[in-house]
Structures are given as C-alpha cells and as structure tokens.
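[1] How does the following fold in three dimensions:
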Amino acid sequence: MDSSQFLAAYIVFLFSTTIFITSPSLADPDPLQDFCVAKTTADLMIDGFPCKPISEVVPDDFFSAAISMAGDTNNMFGSNITAANVLSFPAVNTLGISMNRVDIAPGGVNPLHTHPRATEIGFVVYGEVLVGFVSTSNVFYYKIIKAGMNFLIPRGLMHFELNIGKEPALEITAFNSQLPGTAVSSMTLFGSKPAIPDEVLAKTFQVDDNIVNLIKSKFGN
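    Below is the predicted model of the structure:
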C-alpha cells in the first residue's frame, strides 16, 4: 500500500470511528452559555428558540407557576395535562428539561400516547394509578403506583396512566427535553387533519368501515 492509499484508509478509519463513538450519545447539544431564555415570539425556530438578549433577562424568567393549579378533568378522558415546557416556561430553552402536571379524575385516564423526543420519569403525589407501557417487542409492563412512588417510560414507547382509585390523582412528570412532544394514539389515528383514509384504518385494525367511521365521529372526523 503506497502512502496515498494509506492516508485515504486512515482518514476513512478516523471518520468511521468518530461516527461509531458519537452516534450512541446523539441528543440535544450541550449549551454554550449559562442559559438561553427563549424568545418565543421569534419567527425562526431550529431545534429551539433564539435567546432573549441578556439585557432583557430578569429574575422572574427563572421562576414559574405554570403547573401550580389543577387542570380541568371534565372531558372525554377525565384527565388534564398542564405543561412547564419551553412554551410556558421559556427559561428551559436549550437546557433539555421540562415537566408536566397530570391531573386524573377517578376512573379517568391519561390515554395511550407517546413522547417522541423524550424519556419520562413520573412521581405520584397522591392517588392510585395503574401505569403501563408497551415495548417494541410488544411486551406490556405495568404496575399499580401509589403516592410517593416513581415510574419510568422509555423514550417513544406507547404508555398510559389510569386512575383506579376513588379519589383524584396527581402526578408530576419530568422529561429530558424542553419540548418532548405528545402523540395521543386515538387523536393521531382518528382525529388527524386531513383524515387518514378509512381503508387504511380498517385494514390496520381488521374491522369494517362502519366501525372506523363510528370511532372517527368521536374525534371530530
């Protein structure tokens, strides 16, 4: 092997090694400043909002009452999610963290959903909740969680929380993303705009169009 071939092979080796080493740790980049309070009115957003000028940052930017009040659970699911993410708490911008308050009425459910951009860890403040998720191997992991206990939902997996107690339940959940995103399975499949074709849903769930249309009618389609 001559010197030019050796150099080419060495460059390929270094490139491949770099990709191998860094790819498992791909995530939000480390911030390059102490903080970046989001300017949420900006027209351009690329993986986060631009920073508010330091001269405009005030102490109140770092404190929030976003999840201090109980949410209204008088809805079809009997639950309410109140977020403290970059949209309601701009100081978390670029820091890779956010929280939710989850209020669930007796018999209510935080319905099957996923967070495509974050792993979730939760804490039950009060109540008795059945928490479960399904792995990509179609294994269902679940447990009844009571006050003072934690639960963990790996990133992107389908999960739910069902209040099986006789009193309201309250959870506080945290995410390793400033904006984890939420895709509620029923709303995604049966309430999308424009609607997913009936034949796709009928074939997916092995039912006829009448059942698909009945379910769609519950979600505005």
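[2] roughly how far is stretch 51-61 from the heart of the chain?
    Put simply, stretch 51-61 sits 27 Å off its chain's centre (C-alpha atoms, centre = their mean, to the nearest Å).
[3] how about it: buried residues?
    Neighbour-count burial for stretch 51-61, counted by 16 or more other C-beta atoms under 10 Å, picks out 51, 52. (Each C-beta comes from the backbone N, C-alpha and C, glycine too.)
[4] and if you look at stretch 183-200?
    By neighbour count with 16+ other C-beta under 10 Å, stretch 183-200 contains the buried residues 184, 189, 190, 191, 195, 196, 198.
[5] how near is the second one to residue 201?
    Meaning residue 189. Noted for residue 189: a distance of 7 Å to residue 201, by C-beta to C-beta, to the nearest Å.
[6] Kindly report the same for residue 179.
    In terms of C-beta to C-beta, residue 179 sits 28 Å off from residue 201.
[7] Then residue 115?
    Noted for residue 115: a distance of 23 Å to residue 201, by C-beta to C-beta.
[8] more neighbours, those two?
    Using other C-beta atoms under 10 Å as the criterion, residue 115 and residue 201 rank with residue 115 on top: 23 against 19.
[9] thought the more buried one was touching residue 158?
    No: counting by C-beta atoms under 8 Å, residue 115 stays clear of residue 158, with 10.1 Å between them.
[10] what's around the closest residue to residue 153 other than its chain neighbours, how many residues?
    Computed as C-beta to C-beta, 6 or more residues apart in numbering, the closest residue to residue 153 that is not its neighbour in sequence is residue 120, at 4.2 Å. Other residues within reach of residue 120, judged by other C-beta under 10 Å, total 21.
[11] quick one: contacts for the spatially most central residue of the chain?
    In the chain, the C-alpha nearest the mean C-alpha coordinate belongs to residue 115, at 2.9 Å (C-alpha atoms, centre = their mean). Remark: with contacts taken as C-beta atoms under 8 Å, 6 or more residues apart in numbering, residue 115 is in contact with 153, 155, 156, 175, 177, 180, 181, 182, 183.
[12] where are the low-confidence patches of this protein?
    Within the chain, the segments meeting pLDDT under 70 span 1-29, 42, 44-45.
[13] Show me the helices in the protein, by range?
    Assigned by DSSP state H, the chain shows helices spanning 3-22, 185-190, 198-205, 209-217.
[14] related to what we said a few turns ago, so which of the contacts of residue 115 is the closest to residue 35?
    Comparing these against residue 35 with C-beta to C-beta places residue 177 closest, at 16.6 Å.
[15] Which residue, other than its chain neighbours, is closest to that closest one?
    residue 118 (3.7 Å).
[16] residues contacting that neighbour?
    Contacts of residue 118 (C-beta under 8 Å, 6+ apart): 98, 155, 175, 176, 177, 180, 181.
[17] out of the buried residues of stretch 183-200, who's nearest residue 73?
    Nearest member of those to residue 73, counting by C-beta to C-beta, is residue 184, at 15.5 Å.
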